[in-house]
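**Q** Everything below, folded, please.
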Amino acid sequence: MADEKIMGIDLGGTTVKFAILTTEGEIQQKWSIQTNILDEGSHIVPDIIASINHRLDLYNMQPEDFIGIGMGTPGSVDRKKGTVVGAYNLNWKTTQPVKEQIEKETGISFTLDNDANVAALGERWKGAGDNESDVVFITLGTGVGGGIVMEGELLHGIAGCAGEIGHITVDPDGFECTCGKKGCLETIASATGIVRIARKLAEEYAGTSVLKQRLDNGEEITSKDIFELAEEDDRLAMMVVDQICYYLALACGNIGNLLNPSSLILGGGVSAAGEFLREKVVNYFKEFTFPQVRESTRIKLAQLGNDAGIIGAASLALKFKD
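**A** The predicted model follows:
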């Protein structure tokens, strides 16, 4: 059928986002529901199924109108079996047979992958990656994650851990990470890591600074506050941002030297700092890369925002297309 559709689902801890797209990646309908994580997350998949079927009725569409459904999810994904385990923010402690349930109740082919991976696919396909074949996506939020597309294929690794950019060691003597080791990028460049760096540097900072004053007064400070103060030339905030960008660029430089992607894309909440962040990372990136990589790999800001996940998830369904 010339007008076959694909559907993308972005499953998060608070909301489930859905979209119906054309095979060219154009969003035609978009909606969301709340994620009900009660009773060990047993309502999540039935709620997704009910929402899909309701929308098909609403738009007078049939399962045959769809090539397939793709979904991005937290947790450890078995792509062949279509199962998820260990998605603790969803209360999924045991293995969830997501594919089996959704295919049975909707009659549409279904596939899934890790949420950071599908966001990478989205940015690569319709965002800053310009649909090029070698793209790395880094998401800077509460944690640091990512996805790697090389020669047009998403990399997964033997245990599904390829793209865990947040666990690149950038400071071996640094903060302890939840993964059990020290100095992971996530401990520095995540939203919480940035505040942690600010508190550490504030202890030894003796000059005048609005940031230091607010920290000393016990005020709540966010990474957004720190970047805004740095843009206003607050000396301590500038020191914090400089350190963050140094370590982020160190990780980017290592990725660039190893993989030489056309684009290294920075996304997630922290990337809202925009050009102020990107320019500083680029300057350090040049120090950490050899000439051919420096000249060919570009650091960009993500373009799709919250739509990256649903667009990338929908692109998974294209593998069902003949």
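
**Q** Quickly list the domain ranges of the protein.
**A** The chain breaks down by automatic domain parsing into domains covering 5-121+307-320, 131-302.

**Q** Redo those as CSV? Include mean neighbour count.
**A** Any C-beta I mention is one placed from the backbone N, CA and C, and that applies to glycine too. As requested, the domains of the chain are arranged in CSV below (neighbours: other Cβ atoms under 10 Å):
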stretch, mean neighbour count
domain 5-121+307-320, 19
domain 131-302, 18
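
**Q** the strands in the stretch 101-250 of the chain, which residues?
**A** Remark: strands assigned in the stretch 101-250 of the chain by DSSP state E, counting those that start in this stretch are 110-114, 135-140, 144-150, 153-154.

**Q** closest to residue 298 out of those strands?
**A** For residue 298, the closest of the strands of the stretch 101-250 of the chain is strand 135-140, at 10.2 Å, according to Cβ to Cβ.

**Q** Would you mind listing where this protein has pLDDT under the threshold?
**A** Along the chain, segments meeting pLDDT under 70 span 1-2, 322.

**Q** any idea which helix is longest in it?
**A** helix 235-259 (DSSP state H).

**Q** now that helix against strand 135-140, angle please.
**A** For helix 235-259 against strand 135-140, the angle by axes from the mean of the first three to the mean of the last three Cα atoms, to 10 degrees is 150 degrees.

**Q** and helix 235-259, what other elements does it pack with?
**A** strand 135-140, helix 186-189, helix 191-204, helix 210-216, helix 223-231, strand 263-267, helix 275-288, helix 291-296 (3 or more Cβ pairs under 8 Å, 6 or more residues apart in numbering; DSSP states H and E).

**Q** With distance to residue 114 added, can I get these in JSON lines?
**A** As requested, the helices and strands packed on helix 235-259 are exported to JSON lines (distance: least, Cβ to Cβ, whole Å):
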{"stretch": "strand 135-140", "distance to residue 114": "11"}
{"stretch": "helix 186-189", "distance to residue 114": "16"}
{"stretch": "helix 191-204", "distance to residue 114": "20"}
{"stretch": "helix 210-216", "distance to residue 114": "35"}
{"stretch": "helix 223-231", "distance to residue 114": "24"}
{"stretch": "strand 263-267", "distance to residue 114": "15"}
{"stretch": "helix 275-288", "distance to residue 114": "24"}
{"stretch": "helix 291-296", "distance to residue 114": "26"}
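
**Q** Quick one, which of those gets closest to residue 38.
**A** Across the helices and strands packed on helix 235-259, closest to residue 38 is helix 191-204 (Cβ to Cβ), at 26.5 Å.

**Q** Which other helices and strands does that closest one contact?
**A** Packed next to helix 191-204, using 3+ Cβ pairs under 8 Å, 6+ apart, are helix 186-189, helix 210-216, helix 223-231, helix 235-259.

**Q** quick one: the longest one to chain centroid distance?
**A** By that I understand helix 235-259. Relative to its chain's centre, helix 235-259 lies at 18 Å (Cα atoms, centre = their mean, to the nearest Å).

**Q** And residue 83, how far from residue 95?
**A** Remark: distance between residue 83 and residue 95 (Cβ to Cβ, to the nearest Å) = 5 Å.

**Q** Using a markdown table, lay out the helices and strands packed on helix 191-204 together with distance to residue 293.
**A** Listed next are the helices and strands packed on helix 191-204 as a markdown table, based on distance: least, Cβ to Cβ, whole Å:
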| stretch | distance to residue 293 |
| --- | --- |
| helix 186-189 | 20 |
| helix 210-216 | 34 |
| helix 223-231 | 27 |
| helix 235-259 | 5 |
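
**Q** ok, and the closest non-adjacent residue to residue 147?
**A** In this structure, residue 147 finds its nearest non-sequential neighbour in residue 120, 2.5 Å apart by Cβ to Cβ, 6 or more residues apart in numbering.

**Q** wait, the one you found sits on residue 149?
**A** Yes: here residue 120 reaches residue 149: they are 6.1 Å apart, a contact under Cβ atoms under 8 Å.

**Q** which residues do those two both contact?
**A** By the contact definition Cβ atoms under 8 Å, 6 or more residues apart in numbering, residue 120 and residue 149 are jointly contacted by 135, 136, 137.

**Q** Just put those in JSON lines and tack on distance to residue 65.
**A** Shown next, in JSON lines, are the shared contacts of residue 120 and residue 149 (distance: Cβ to Cβ, whole Å):
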{"residue": "135", "distance to residue 65": "30"}
{"residue": "136", "distance to residue 65": "34"}
{"residue": "137", "distance to residue 65": "30"}
